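A.B. asks: Next comes the sequence, and after it the predicted model I'd like to discuss.
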Amino acid sequence: MKDMRSLFVRAIAVPLAMAAVFAISGCNLAAKPTPAVAVSGSAQVRIGSTTTFIASVTNLPTTSVTWQVNGVTGGNSSVGTISSGGVYTPPASLPSPDTVTVTAISVSSPTTTGSAQVIVWNPVPSISAATATLTAGTTYALEVDGTNFASGATIQSGTTSLSTTYVSSTELQATITLPSGTTSLSVSVLNPDPGSVASTSASATIYLASVTAASRLLDQATFGPTLSDISTVQNEGIDSYITQQFNTPYTPLANIPATLPAVCLSANTAYVCEESEWWQTVLTGNDQLRQRVAFALSELFVISSDTDDGRTIVFYHNTLAQDAFTNFYTVMHDVSVSPGMGAYLNMLNSAKAPTGQIANENYARELMQLFTIGLYELNQDGSLQLDSNNNTIPTYTQAQVQAFAKAYTGWTYATSTGGVPTRYPNSTPNYTSPMVAVESEHDTTAKTLLNGTTLPAGQTAEEDLTGALTNIFNNTNVGPFVCKQLIQHLVTSTPTPAYVARISAVFANNGNGVRGDMQAVIRAILEDTEARAGDTNPAFDGGHLREPMLWMTNYLRAVGFTNTDANGSYYSLSNYSNNLSERPYRSGSVFNFFPPSYVIPQTTLNAPEFDLENTASAILRLSLADSLVNNKITSFNINLSSTSTLGQIAASSPSQLVDTLGVMFMHGQMPTAMRTEIINTITGLTNAAQRVRVAVYLVITSSQYKVIH
Amino acid sequence: MNSKRRSFIKYASLAAAGNFIGLRPFGALNALAQSPTNYKALVCIFLFGGNDANNMLIPFDTAGYNNYSSIRGPLALAQNTLLPLTPTPNFALNPNLPDLQTLFNNKNAAFVANVGNLVQPLNRAEYLAGQNAPTNLFSHPDQQLEWQNAAQSAVTPTGWAGRIADVLGSSYNTNATIPMITSVAGDTLFCNGNATSPVSVSPGNLGAANCSEGTECTARQAAAQAMLTFNSGISLVQADDNITTNAYSYAKTLSDAVQSISPLTTVFPSNNSLASQLKQIAQIIQVRAALGVQRQIFFASLGNFDTHADQLPLQSALLAQVSPAIAAFYNATVELGVQNDVTSFTMSDFARTFQPNSNNGSDHAWGSHHMVFGGAVNGGQIYGTFPTLSLGGPDDSGSNGRWIPSTATSQYAATLAQWFGVSSGNLPTVLPNIGNFTVNNLGFV
């Protein structure tokens, strides 16, 4: 400061002294040269570039000048800065007004100044990424990221200027309508005047689903979203993804040999292998939708290794997986003749009753009550039909149960080659072939079924079975009864009646006059407006609790894992899910792990999975979450260390970590308060791995996550 | 065949007295409620799937047994394997229930014959004429729920234990730190009241959740609990927030309560699901003072009684679990000095067809026999009316031996509820159909 002040003083002193000399000498004043400073330079400068002003100083002892911008020495970030050499750098965004005055002040004579005006032009915009995401019909949400976007910038598609929302200098948004089937879109950004200029054009990535829509769909249609699958659905769109999944070959569970392989030996029973196969398939199979639908069907057509051999459950699961995209009648038929269901609900070896006994009613009753039509006559929207006294109407009578029981008599295990045995019952199980009928054990009397339909006397077992299943299949209750449960398993516990009615209509007729078309039903369930409402409205009330096995697979698929068992067994996972009252094909009864009718106490919410959620299981789930995030799962390595992808993010940015988890687990819709709470909790942690563990724990144990919505 | 209706003199006399007994004790109850030693517990053991009680309590006199044997055919238990009941020599027990035999012969257990869901008294003619009967007879879920809600249909959303908690909570458990009802067998309608909810306990897992984050555990839990208070607007998220909030609270209360107790010396059988549950119940009873409870209701269960095929070995294995489990539990109550304060009882979907099916099994039926045990039980007796074991006979709802109950679930429940402290004034609140029956106290406890 001191030095500068002394310089300044000297600079002023010199011209004063000279003026005194001129006055005393009496020289000709008219000829006396006038001191002047003239500034020259470009009339405009674009943000992002610089321009140099030249000060011409005349008739002064020195040519030194100081520079001001709009009266501020050296300028500032609002009006731009200028160096001692006259190099002017415009501000980052347009000054207001956009013309600034650059002034040079003579050092020798500070009253001697010169100025020039310069118009600041908008910068040249630049695009780093552009995405067009289908939102509805042919409307896409366009987002362009880049730099130097000026207020008032517009996104250009060809020669069209789109109505653009300016988010920031790095993000613009617009909506655009594109012809269906559009696969490429070129966009540019035009900054407005002053100095209107366009970016070079860039190719927008066309997404047929948003991150939210894609990950919600995957939560409904698979065993859990992965970042890779989210990207796939975004690229393909929901409809194409479903089609692609319909066409994906099924992943069979491997048959279990009679002599148990090492992988099963931990408990020395076949179900160890079966459960291992199931976990591995649902976690790693490409046929995710098929496996997810098979899982839903397995919770409708329930069998259990409580009484069934694991070998027959493998066959049963493969049957469900193969039939998942066929016709509901095929599912009914194949389930009915499967040795797994046969053994579980006793159609196996149910002979025509000798005098003094009755035909076994078990399968006859439960096929109707639990699997197909339920207890009460339903409207197509799933609501109860009522009689004139406002009473519910039973769907069948005890006499009809007994008639169906007779229709199902005569079936036993097939021979090892799939044929009809010579002895009844066949005491040598064939777990992997459909049951076969021994006609001499079939009750051939006439049977009166639903709606008074009669199976005439003298029919074969297969004829009676076909007649009985057709009688049930064509009952108008099947659509609403089955479709509502499929909706509850895949999408929401609480569909509106209208949603159920829309799917029931598809069940009744796929558009080509076919009843029971599973592909049409599944697509309709997943693409329904009510299933998709949450894609754009996070507050849409619906969803369902992640049942324990899904909660586990969702976590494992999201974060990734390596199986470390010496035999490649996935069976250990059952030991963990078992604490939460679930393990594959191991329901305690034919009523599944949770009944479809379950209503949360003291509410009217029919939310089946909540039957498993109570003050004890909630604590057990917390304990399991602790094991999952701390890599304490036997036979698995789950890497959440500081060197993992998440660990590296956590080290640099807790908020970025939480946002990443928001995409991985919560459809990119984590509520703000939750996000803040988690960020605040982990920011103080110095260990990146612990940041990841605590953050992931808080996400997966939150009710917001546990309830898919 | 002797198909004579087997009536019990005890039933008539006690039932008649029951009307008065049902009213009499309550003058004294309020005084008793003041006493810190005044503790009572009810323990429900639900046998899911429909226990075939026809093969639990069996006629033992020659004519009775022969009738039983001739109709049951392949399901008949050999007479020389049955366990005699000394006080009621005309009946014997399934051979897999030796501990129940001991309890009964020592007058610490009783049976109630042919109990089941009823809206009003019903005989065969009335039933066949379509008079008011429970909905969805022979359906597992419906009959399970109707046993639990003591209502005509499964739709009624509260259980009779839950309604007991509703009416008694303010009289007894004024300083309680947990709900009156504890389920050790998951969520079940029985335990849900209009205003009260149960605590669920996973046997052997009483405490708080595990945490591997060392000094950060407190912060992690605080954040998790804080997030439960963020209103989401999503109904099911809110429901799960409520459950989880209670879970944190109860886990802390229970783990604090059991922290310094000495383990029970009574040995419970291992590899026995029911025994594990009853052991957990005994442990909670042990810390009743710390929990501040004077009245508790517990729910335990055992499944797989749905024996449509191969019934004999399947039911034998199940009853062989029940027998030592209830013996150990009774012994544990003796060890705790509360055997006269704890009354246990069974419920089940229904009994099974007396007539066998062609798979060596039996199918869904209706009225069933149930056991009640504990020091307060007027044991060594069979209450109610044993059905006439005749296909198409006076107690059969059809022709396969699906007995129309002669005693209603509501009456069975009312007897237990009154012992527990429900006043006659509150009885219709707890058991809305009880007024349809002449007798509201069967006198077995």
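C.D. replies: Yep, that arrived. Numbering: from 1, shown residues only, chains lettered A, B, ... in the order given.

A.B. asks: Sheet partners, orientation included, of whichever strand in chain A runs longest?
C.D. replies: For chain A, the longest strand by residue count, based on DSSP state E, is strand A:126-136. Sheet pairing of strand A:126-136 (DSSP bridges) gives strand A:139-147 (antiparallel), strand A:202-207 (parallel).

A.B. asks: could these be laid out in TSV, adding mean pLDDT and distance to residue A:263?
C.D. replies: Using the backbone N, CA and C atoms, a C-beta is placed for each residue, glycine as well. Output for the strands paired with strand A:126-136, formatted as TSV (pLDDT from 0 to 100; distance: least, Cβ to Cβ, whole Å):
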stretch	mean pLDDT	distance to residue A:263
strand A:139-147	96	48
strand A:202-207	95	41
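
A.B. asks: all helices for the stretch 601-709 of chain A, in order.
C.D. replies: All helices of the stretch 601-709 of chain A, identified by DSSP state H, counting those that start in this stretch, fall at A:615-629, A:645-652, A:654-666, A:672-683, A:688-700, A:703-706.

A.B. asks: among the ones you listed, which is nearest residue A:480?
C.D. replies: Using Cβ to Cβ as the measure, helix A:703-706 is the one of those that comes nearest residue A:480, at 28.0 Å.

A.B. asks: chain center to that closest one, what's the gap?
C.D. replies: 14 Å (Cα atoms, centre = their mean, to the nearest Å).

A.B. asks: Show me the contact partners of that helix.
C.D. replies: Helix A:703-706 is contacted from outside by A:545-546, A:551, A:621, A:665-666, A:670-671, A:674, A:699-700, B:227-228, B:232, B:234, B:237-238, B:240-241, B:244, using Cβ atoms under 8 Å, 6 or more residues apart in numbering or on different chains.

A.B. asks: so of those residues, which ones are in strands?
C.D. replies: Short answer: the contacts of helix A:703-706 in strands (DSSP E) are residue A:545.

A.B. asks: The spatially most distant residue from the centre of chain B and chain A, how far apart?
C.D. replies: Going by Cα atoms, centre = their mean, the residue of chain B most distant from its centre is residue B:215, 44.6 Å out. According to Cβ to the nearest Cβ, to the nearest Å, residue B:215 and chain A sit 10 Å apart.

A.B. asks: ok so, going back, output the strands paired with strand A:126-136 in TSV, with mean neighbour count appended to each entry.
C.D. replies: Formatted as TSV, the strands paired with strand A:126-136 follow (neighbours: other Cβ atoms under 10 Å in any protein chain shown):
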stretch	mean neighbour count
strand A:139-147	19
strand A:202-207	19
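
A.B. asks: As JSON lines, those strands with distance to residue A:400 would be great.
C.D. replies: Below are the strands paired with strand A:126-136 laid out as JSON lines (distance: least, Cβ to Cβ, whole Å):
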{"stretch": "strand A:139-147", "distance to residue A:400": "52"}
{"stretch": "strand A:202-207", "distance to residue A:400": "53"}
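
A.B. asks: and stretch A:668-676, is it in reach of chain B?
C.D. replies: Yes. Stretch A:668-676 reaches chain B (Cβ under 8 Å from any Cβ of the partner chain) through A:671, A:673, A:674.

A.B. asks: Weed out the non-buried ones from those residues.
C.D. replies: Listed as buried from the residues of stretch A:668-676 next to chain B are A:671, A:674; burial here means 16 or more other Cβ atoms under 10 Å in any protein chain shown.

A.B. asks: and residue A:190, which of the helices of the stretch 601-709 of chain A is closest to it?
C.D. replies: Of all the helices of the stretch 601-709 of chain A, helix A:654-666 comes closest under Cβ to Cβ, at 30.8 Å.

A.B. asks: Can you list the buried residues in that closest one?
C.D. replies: A:654, A:657, A:658, A:659, A:660, A:661, A:662, A:663, A:664, A:665, A:666.

A.B. asks: contacting residues for the most centrally placed residue in chain A?
C.D. replies: What sits nearest the mean C-alpha location of chain A, by Cα atoms, centre = their mean, is residue A:215, with 1.1 Å. Applying Cβ under 8 Å, 6+ apart, we find residue A:215 in contact with A:225, A:230, A:233, A:663, A:667, A:668.

A.B. asks: sorry, back to before: got the confidence number for the residue farthest from the centre of chain B?
C.D. replies: pLDDT for residue B:215: 96.

A.B. asks: what about the strands in chain B?
C.D. replies: According to DSSP E, the strands that chain B contains are B:40-47, B:57-59, B:83-84, B:91-93, B:109-116, B:181-183, B:199-200, B:295-302, B:342-348, B:368-373, B:382-384, B:407-408.

A.B. asks: helices or strands next to the third one in the packing?
C.D. replies: Going back to what we said before, that points to strand B:83-84. Under the contact definition 3 or more Cβ pairs under 8 Å, 6 or more residues apart in numbering or on different chains; DSSP states H and E, strand B:83-84 sits against strand B:91-93, helix B:98-105.

A.B. asks: 7 Å - rerun?
C.D. replies: strand B:91-93 (3 or more Cβ pairs under 7 Å, 6 or more residues apart in numbering or on different chains; DSSP states H and E).

A.B. asks: same thing with the last one?
C.D. replies: The contact analysis (3+ Cβ pairs under 7 Å, 6+ apart) places strand B:407-408 against strand B:109-116.

A.B. asks: List the strands paired with the strand it packs on, with their directions.
C.D. replies: Strand B:109-116 is paired, per DSSP bridges, with strand B:368-373 (antiparallel), strand B:382-384 (parallel), strand B:407-408 (parallel).

A.B. asks: Mean pLDDT and mean neighbour count for the ones you listed - can I get that in a markdown table?
C.D. replies: Output for the strands paired with strand B:109-116, formatted as a markdown table (pLDDT from 0 to 100; neighbours: other Cβ atoms under 10 Å in any protein chain shown):
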| stretch | mean pLDDT | mean neighbour count |
| --- | --- | --- |
| strand B:368-373 | 98 | 27 |
| strand B:382-384 | 98 | 26 |
| strand B:407-408 | 98 | 26 |
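
A.B. asks: Would you write out the PyMOL command that picks the buried residues out of the contacts of residue A:215?
C.D. replies: Only the buried entries of those go into this PyMOL selection, using 16+ other Cβ under 10 Å:
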select buried, chain A and resi 225+230+233+663+667+668
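
A.B. asks: Any idea what residue A:205 is bridged to?
C.D. replies: Residue A:205 has these beta-bridge partners by DSSP bridges: residue A:131.
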